Structure formats: structure tokens, C-alpha cells
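**Q** pasting the structure only:
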Ligand code: PMP
């Protein structure tokens, strides 16, 4: 075996174990496939692709469509293969050896993971025990470490909590580096940091087609930020990183905004129903602005509940062994019947 870099040897990698079950509520995907009309339009356009040619390197039509939807200009949009590749490109550009990246834990694990892979030092700020972020702790971390990149995830994963707008503003007041608002789940929440984007502010917002858009299989995400930020990322990302089919899929998806809004409404209504049902059991439920809910059973350990759910063919995310999340599980909101299957199984187990 050939040894890797010393700093990579200690990394564990990111895992999301799959188990063969009937009800899969563990990876925050949409429970609905994309609209049939989307699939037909996509098939028609894909049949016309000139496969012997490279795709549009700038992905201009896609970026224009995204920009128009958000009311910004295309030079404020950077698109890549899932928001994970967006995050990676941001960190390759603004972090790396000798640079610091701040996160507030618990949060999305890939922020720290990618930061370490590109050689940066990770500064882990702590959240309160109810997973909210104390502004004093946030200011202390930024003041003491002067990070080159600071992440806020809103709604946060795995907690589901929405960061109040004041937190982003307070962070921008003290940060010298880039502030990244990871908004993979923003459509399920009531506010977005998009309105704060400005040429003069070092703020960027990242989004994905994996959740609301029912397109996790496509791998498409994007960032919206100042034009100077997008220009720097374009230097770093590989040429032709977005294939022709993906560019078409993203552009066509944006014709179905009202279908997607309707799905978001359904999922939000189901989220409230599932949260209320769990709150009536001996379970702590973290208020969620996303398409999943974090919960902690009081009477049985989280690991035992996870296994008992799998025994009933329901898979949720087991966070119980993660730092700061003892006994916690995360359930993705599915279709009403999947949610019923989950709640019925849970009632049986908790009883
Ligand atoms: N950010 C957050 C907070 C996430 O939860 C996820 C998906 N687990 C991502 C980014 C990555 O999404 P994708 O790469 O599918 O766009």
C-alpha cells in the first residue's frame, strides 16, 4: 500500500449506510419523482445532444435560467455537480493549507470533511445543547481565529433548525473572510439569506436540485454570490465539469416551479404532522424548517430505536453515535403513507 498524505490518514470519510428496507427515510431526498412532463421534455432534448462535442463550458443557459428564477444576473451564479462540488470548489478557492475554516457543530459533516481534505485547519464552534447558536460564541470563534471561510447551514443538517436572519448579519459584521450560507433545504423554510447578497458583502448562498427538485440522481447544485466570487471559482473548477445532459435537466426543471412549490407545501404539512405526532410521545423533537426532523427518544436508546425501526423495514439516519448527538435519530419526511409506516412503527417501539 502506498501511504497517503499524513493529514488524510486520520480521516474517516463520509458514510450514509443503505439497508434494504421498504420505507427509506434516511437521506433527505424527495419522496416524489419529478413530474412526467419534465421527463418527457428531458428525453426529447437529450435525443438532440451532440455527444461528440464538449458541453457549453460556461453552462450559460442553465446559469441564466437559475439567475432569472432568483432575480440576479448569470455572472452571480456558479453551478457544479451537486452542492457538494460547489462547496468543494469554494474551499479549494478560499481555503487550503495555512487557511482556517469555521463550522458550528453539530452541522453538515461535509463542511469540515472537505475543508480537511483540501488541507485547511478546521475550527469547530459549539452550539447550545438545544442546537441553537449563541451569538457570543459565534463572535468569539470568528474574533479569536479570523477564519478565511465560515459556514452557517440554514436550515441546519442534521438538526433542521433555521438560523435567524440576525445571526447571518451579526456574522457578516465580524467576519473578514467568506461567509457561506448552505441553504440545501431553504425552500422548506421561511427565509433565505439570498436577499442579503451584494457585491460589497463576502456572502454566498449554496443551493441544490437534490431535495425540492426531486433530482438527487442528477447531481446539480449552485452558489449565488458576488461576481468577483464566481470569477475566482471558475478559475479553479475543472473545464467542462457540467455535462450536456445535466445542463439541460437543470434548465428544464425550472419550468416546473409551481409543481415544486406544491410538493414543498405537502412536505411541510407532513413535517408538521410527523413532528406533532412524535412530540406526543416521550421524545424530544427539534423544530425543523427542512424536509427532515431530528428526534431523541427518552425511554430507549437511539441505537435500539434505529434497529427496531429497521426490523420493521423503516430506515432513518442513525446520528446517535455522532459527537454531540447522543441518542438522536433523523427522519426524512416521505409520502403520507411512508410517514404513517414510520409513526406506527415508532409508536410500537416506544410503547
Ligand atoms: N448541504 C447540506 C446541508 C446537505 O444536507 C447536503 C446533502 N446531504 C448537501 C449540501 C449536498 O447536497 P448535494 O451534493 O446533493 O447537492
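**A** Looks like it came in fine. This one's a predicted model, so the numbers in the text were calculated from it and none came from an experiment.
**Q** use CA for all of it now, contacts and neighbours both
**A** Fine.
**Q** Any residues of the stretch 1-150 of the chain in contact with the ligand? List them.
**A** Residues of the stretch 1-150 of the chain found near the ligand (C-alpha under 6 Å from any ligand atom) are 82-84, 108.
**Q** Among the residues you listed, which ones are in strands?
**A** Secondary structure defined by DSSP state E assigns none of those to strands.
**Q** Please identify the buried residues of stretch 147-167?
**A** By neighbour count with 16 or more other C-alpha atoms under 10 Å, stretch 147-167 contains the buried residues 147-163, 167.
**Q** Select from those every entry located in strands.
**A** 149-153.
**Q** export those to TSV and tack on pLDDT?
**A** Below are those laid out as TSV (pLDDT from 0 to 100):
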residue	pLDDT
149	98
150	98
151	98
152	98
153	98
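**Q** just curious, which of the residues you listed is nearest to the ligand?
**A** For these, the residue nearest the ligand by C-alpha to the nearest ligand atom is residue 153; the value is 6.0 Å.
**Q** Assign residue 124 to helix, strand or coil.
**A** What DSSP: H, G, I helix; E, B strand; the rest coil gives for residue 124 is strand.
**Q** now residue 207
**A** What three-state DSSP gives for residue 207 is strand.
**Q** need the contact list for residue 102.
**A** 122-125, 141-142, 147, 149-151 (C-alpha atoms under 8 Å, 6 or more residues apart in numbering).
**Q** how far off strand 149-153 does the host helix or strand of it point, in degrees?
**A** For residue 102, the enclosing helix or strand under DSSP states H and E is strand 100-105. Inter-element angle recorded for strand 100-105 and strand 149-153: 20 degrees (by axes from the mean of the first three to the mean of the last three C-alpha atoms, to 10 degrees).
**Q** Skip ahead from strand 100-105 and say which helix or strand is next.
**A** With DSSP H and E, the next secondary element past strand 100-105 is helix 109-117.
**Q** What are the buried residues along that following helix?
**A** Using 16+ other C-alpha under 10 Å as the test for burial, helix 109-117 gives 111-117.
**Q** Kindly report the same for stretch 77-96.
**A** Of all the residues in stretch 77-96, those buried under the rule 16+ other C-alpha under 10 Å are 77-96.
**Q** Just the closest residue of the stretch 201-350 of the chain to the ligand, please.
**A** For the stretch 201-350 of the chain, C-alpha to the nearest ligand atom, closest residue to the ligand: residue 208, 4.3 Å.
**Q** just to revisit the earlier point, okay if I get the buried residues of helix 109-117 as TSV plus pLDDT?
**A** What follows is the buried residues of helix 109-117, written out as TSV (pLDDT from 0 to 100):
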residue	pLDDT
111	98
112	97
113	97
114	98
115	98
116	97
117	97
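**Q** And the residues you listed, which is closest to residue 279?
**A** Checking these against residue 279 by C-alpha to C-alpha gives residue 111 as the nearest, at 30.4 Å.
**Q** re the thing from before, dig out what the residue of the stretch 201-350 of the chain closest to the ligand forms beta bridges with.
**A** Under DSSP bridges, the beta-bridge partners of residue 208 are residue 221.
**Q** State the distance from it to residue 2.
**A** To residue 2, residue 208 is 36 Å away according to C-alpha to C-alpha, to the nearest Å.
**Q** which of the two has more neighbours?
**A** residue 208 (26 against 4; other C-alpha atoms under 10 Å).
**Q** residue contacts, the more buried one?
**A** Contact partners of residue 208, counting by C-alpha under 8 Å, 6+ apart, are 82-83, 183-184, 220-222.
**Q** Quick check: nearest residue in space to residue 326, chain neighbours excluded?
**A** residue 320 (4.6 Å; C-alpha to C-alpha, 6 or more residues apart in numbering).
**Q** can you check residue 91 too?
**A** residue 115 (6.2 Å).
**Q** you'd agree the one you found is up against residue 95?
**A** Yes - counting by C-alpha atoms under 8 Å, residue 115 does reach residue 95; the two are 7.0 Å apart.
**Q** Thanks again, I'm all set now.
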